[in-house]
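1. here is the input, now give the coordinates:
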Amino acid sequence: MPMIILRANGNGQTGVLDQPRAQNYLTNVLAQRGMLNRLAHLKQALNQAFNGGGLPTHPYLFNGIPVLHASAGNFQTSVTLFYYLDNNNLMLFAMGEHIPGPQNRYRITIYGQAGTNFAMNNIV
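-> Residues are numbered from 1 along each chain as shown. The predicted structure is shown next:
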């Protein structure tokens, strides 16, 4: 299943990307934020998403569709991808990381969508 990446804060979207192209695009996003130490985690999370291993992110919806997430890493460095499925595409719209605590919770720290539950620094 290919991926389309929704740019931060509603600033358009990429074309349809296979996994290597999605990885290249998101590597540039990490580089712009000085987060290349998370590259291995990005690759693992992308593998999970592209292999159908995403997990529900209850009770969250984005564009009225249930949100999935794929995550890799630990509480020091991690990457969590937030996306939904639409017309046989993975629609990636936010990236964040694990936060410590008794529950699986994530903070949007890499990029998000203003005015939604997935805005920068929000916890989901």
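
2. so how many other residues sit close to residue 106?
-> Residue 106 has 21 neighbouring residues, counting by other CB atoms under 10 Å. In this view, the C-beta of every residue, glycine as well, is placed from N, C-alpha and C.

3. let me know the secondary structure of it.
-> strand (DSSP: H, G, I helix; E, B strand; the rest coil).

4. and residue 45, by the same measure?
-> helix.

5. from the centre of the chain, point out the most distant residue.
-> residue 102 (21.6 Å; CA atoms, centre = their mean).

6. helices or strands up against the longest strand seen in the chain?
-> Using DSSP state E to define each element, the chain has its longest strand at strand 89-99. Judged by 3 or more CB pairs under 8 Å, 6 or more residues apart in numbering; DSSP states H and E, the packing partners of strand 89-99 are strand 3-5, helix 19-32, helix 39-50, strand 65-73, strand 78-86, strand 105-111.

7. any chance of these in a markdown table, plus mean pLDDT?
-> Listed next are those as a markdown table, based on pLDDT from 0 to 100:
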| stretch | mean pLDDT |
| --- | --- |
| strand 3-5 | 98 |
| helix 19-32 | 98 |
| helix 39-50 | 98 |
| strand 65-73 | 96 |
| strand 78-86 | 97 |
| strand 105-111 | 96 |
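
8. dump these to a markdown table, plus distance to residue 58.
-> Shown next, in a markdown table, are the helices and strands packed on strand 89-99 (distance: least, CB to CB, whole Å):
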| stretch | distance to residue 58 |
| --- | --- |
| strand 3-5 | 22 |
| helix 19-32 | 25 |
| helix 39-50 | 17 |
| strand 65-73 | 8 |
| strand 78-86 | 13 |
| strand 105-111 | 12 |
